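Trainee: coords please:
(chains A and B, ligands or ions: 1)
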Amino acid sequence: MLNIEKIKSDFPILKRKVNGEKPLIYLDSAATTQKPLQVIDAISNYYKNSNANVHRGVYSIGHESTEMYENARKKVAKFINAKSENSIVFTRNATESINLIAKTYAKKFLKANDEILVSQMEHHSNLIPWQIIAEESGAKLKFIPLIENGILDLTQLEKLISQKTKIISLVHVSNTLGTINPIEKIISLAHSFNAKILIDASQSVPHMEIDVEKLDCDFLVFSGHKMLAPTGIGVLYGKENLLEELPPFLSGGEMISEVHLETANYRQTPWKFEAGTPNVSGTIALSTAIDYLLSLGMGNIHKHEIELTQYAIYELNKIPEIKIFGPTENRGNVVSFNFENIHPHDISTILDNDGICIRAGHNCTQPIIRWLNVSAVARVSFYIYNTKEDIDIFISSLKKVKKIFYAT
Amino acid sequence: MQLEELYQTIILEHYKEPHNFGEIKNPDIEERGYNESCGDDVKVFVKLINENKIDSINFIGKGCAISQASTSMLTDVLKGKSIEEAIDFIENFKSMMKGEKDFISENDFEELSAMKGVLQFPVRVKCATLAWNTLKNGLIKYQNKQ
Ligand SMILES: Cc1ncc(COP(=O)(O)O)c(C=O)c1O
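Mentor: As a prediction, the model looks like this:
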């Protein structure tokens, strides 16, 4: 059980009021989470006490800052149960991590008529890089379609996959539908065709225990800002031997060992992929965020979110004009819905007036929105600081939406 | 922020029963507008008399109450104007929506002045101006072609 009152008190922003004297009800954690004081302090303490560039200075704070940076890498590795911290590359965000693999893997291995497989429920971040790489390499981009309430059509997947499939890139938990994809199954299917597989774990790593060893995925990506850490720090996990085979992504300082005017040798993985001065404070803050999450227990977090999600669905279902999207079971902590004849933006504006933050639009998943045959959706998503009371306030505000729109 | 000023009856009426909604055949001008941040999508169709006077404006598309109502009002108010007058009018309306000019509530602007409430909701101003920008693009393209 989580002590939500205690957790809430760690988040300074949740004490502020908006639009007059309304308490802030934050239901958009799938977009980005709020930050606890511990994380905010970690950033400020780093700059107050230890700021120095990493992997350069031989003086003591330079050493200290490098230690903190590399310890964060160990922390992340342990958090997702990576065998070695050399499997952890720091990037700016999940999007950059995906681009890194698309650009380096494609350059090295993809040829014309090879196939790349993604699903119809990808975030634009896991679609556009592959569109571009397909165009550049001549490989074909293929799509695992959706069926029923928004689950992957596994029968079609078995028809789509072949020896031509070189890489599959797949979202673990959909940020719009909430679907939790059966990635274990798909990872072993990929491997049985000698295809590599990348998992977009942006919406799962923050919310549940992820074990990359057990999953046996080749690559896995996520963003710090969706798990209490600041913006600008992301993670790419890759099997060490695979990362070693890939060419560098960005190049410059930090990623080299020996440099001559005409040539250079690159450092080993993961530093080969970290060109230039990295986001040191963000990395250290990510480490603090992981400590915070671990102190609560990923199992407890997951359980709390399932409870909130089920409660929200239960309450939303009581309003007859509301249609909920996504599967009925086995789903993550996002709930997308529409209100009959009311546009999600109008819902969001009216809720905002009551201090409630929800997402309205396409959630960076236009192909899903098109598949649902709507123009936009409203979405709520939950995290450790949300309570059933938040949902009650949200529901009563929704009733106000109905009153404004259906009264005349 | 006052929700009542945003969702005025007149706006909700236009939203629920938009005027001049639907495609027209063989328009002189056809232009699509898209707001990538929210997905609002509108297409306007214009029929001209003598290559200059606006005979009718129609629209299709999906969007929020503000964008639909604003588009519906546009189709009423610009009817009968010349292309130059319409562009002028659009510029005027946009200035009001940016808060650069005071809202007028007389004559042609009577219904449109209901949009004043949107000013208190800065993130929604784009919704109110989407069709106006779209039509302006269409009119200018037409002028350049002539
Ligand atoms: C499933 C999924 N993938 C990728 C991303 C992209 O994350 P970022 O913008 O941090 O790179 C998001 C964030 O919205 C997401 O929900």
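Trainee: my read is that B:I10 contacts B:E111, right?
Mentor: Yes - the pair B:I10 and B:E111 passes the contact test of CB atoms under 8 Å, sitting 6.2 Å apart. Any C-beta I mention is one placed from the backbone N, CA and C, and that applies to glycine too.
Trainee: any common contacting residues for these two?
Mentor: Listed as contacting both B:I10 and B:E111 by CB atoms under 8 Å, 6 or more residues apart in numbering or on different chains is no residue at all.
Trainee: could you look up the SS state of residue 57?
Mentor: With no chain named, the answer covers chain A. coil (DSSP: H, G, I helix; E, B strand; the rest coil).
Trainee: that's the other chain; I wanted chain B
Mentor: Following three-state DSSP, the label given to B:I57 is strand.
Trainee: tell me the contacts of the residue nearest to it when sequence neighbours are not counted?
Mentor: Take B:I57 and drop its neighbours on the chain: the residue closest to it by CB to CB, 6 or more residues apart in numbering or on different chains is B:T75, 4.3 Å away. Going by CB under 8 Å, 6+ apart, B:T75 touches B:H19, B:N20, B:V44, B:S56, B:I57, B:N58, B:F59.
Trainee: which two among those residues are spaced furthest apart?
Mentor: B:H19 and B:V44 (12.8 Å; CB to CB).
Trainee: out of these two, which sits in the busier spot?
Mentor: B:V44 (27 against 17; other CB atoms under 10 Å in any protein chain shown).
Trainee: circling back: so where does the residue nearest to B:I57 fall, helix or strand?
Mentor: Element membership of B:T75, judged by DSSP states H and E, is helix B:65-77.
Trainee: average model confidence for that helix?
Mentor: Helix B:65-77 carries an average pLDDT of 95.
Trainee: also stretch A:306-319?
Mentor: Stretch A:306-319 shows a mean pLDDT of 96.
Trainee: swap in stretch B:115-134?
Mentor: Stretch B:115-134 carries an average pLDDT of 92.
Trainee: then stretch A:380-389?
Mentor: The average pLDDT for stretch A:380-389 rounds to 98.
Trainee: can you show me the helices along the stretch 51-200 of chain A?
Mentor: A:60-79, A:94-109, A:128-137, A:154-160, A:183-192 (DSSP state H, counting those that start in this stretch).
Trainee: try chain B
Mentor: In chain B, the helices defined using DSSP state H lie at B:3-6, B:9-16, B:65-77, B:83-97, B:125-145.
Trainee: might you report the residue contacts of the residue nearest to A:F273 when sequence neighbours are not counted?
Mentor: In this structure, A:F273 finds its nearest non-sequential neighbour in A:V89, 4.6 Å apart by CB to CB, 6+ apart. Shown in contact with A:V89 (CB under 8 Å, 6+ apart): A:S97, A:L100, A:V235, A:L236, A:Y237, A:G238, A:L243, A:T269, A:P270, A:F273, A:E274.
Trainee: before we move on, back to that, which stretch among the helices of chain B comes nearest A:H123?
Mentor: The minimum distance between A:H123 and the helices of chain B falls on helix B:125-145, with 23.1 Å, by CB to CB.
Trainee: and for the closest residue to chain B within the stretch 51-200 of chain A, the neighbour number?
Mentor: Among the residues of the stretch 51-200 of chain A, A:H124 lies closest to chain B, at 10.9 Å counting by CB to the nearest CB. Neighbour count of A:H124, defined by other CB under 10 Å: 15.
Trainee: in this structure it contacts A:Q366, no?
Mentor: Yes - the criterion here is CB under 8 Å, and A:H124 meets it with A:Q366 at 7.1 Å.
Trainee: isn't A:T283 right next to A:E67, touching?
Mentor: No - under the criterion of CB under 8 Å, A:T283 is not in contact with A:E67, lying 11.9 Å apart.
Trainee: of the two, who's got more company?
Mentor: More crowded of A:T283 and A:E67, by other CB under 10 Å: A:T283, with 26 against 12.
Trainee: what's the pLDDT at the more buried one?
Mentor: Value listed for A:T283 in the pLDDT field: 98.
Trainee: quick one on the thing from earlier: distance to the ligand and pLDDT added to the contacts of B:T75, as TSV?
Mentor: Listed next are the contacts of B:T75 as TSV, based on distance: CB to the nearest ligand atom, whole Å; pLDDT from 0 to 100:
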residue	distance to the ligand	pLDDT
B:H19	38	96
B:N20	38	97
B:V44	32	97
B:S56	42	95
B:I57	38	97
B:N58	37	97
B:F59	32	97
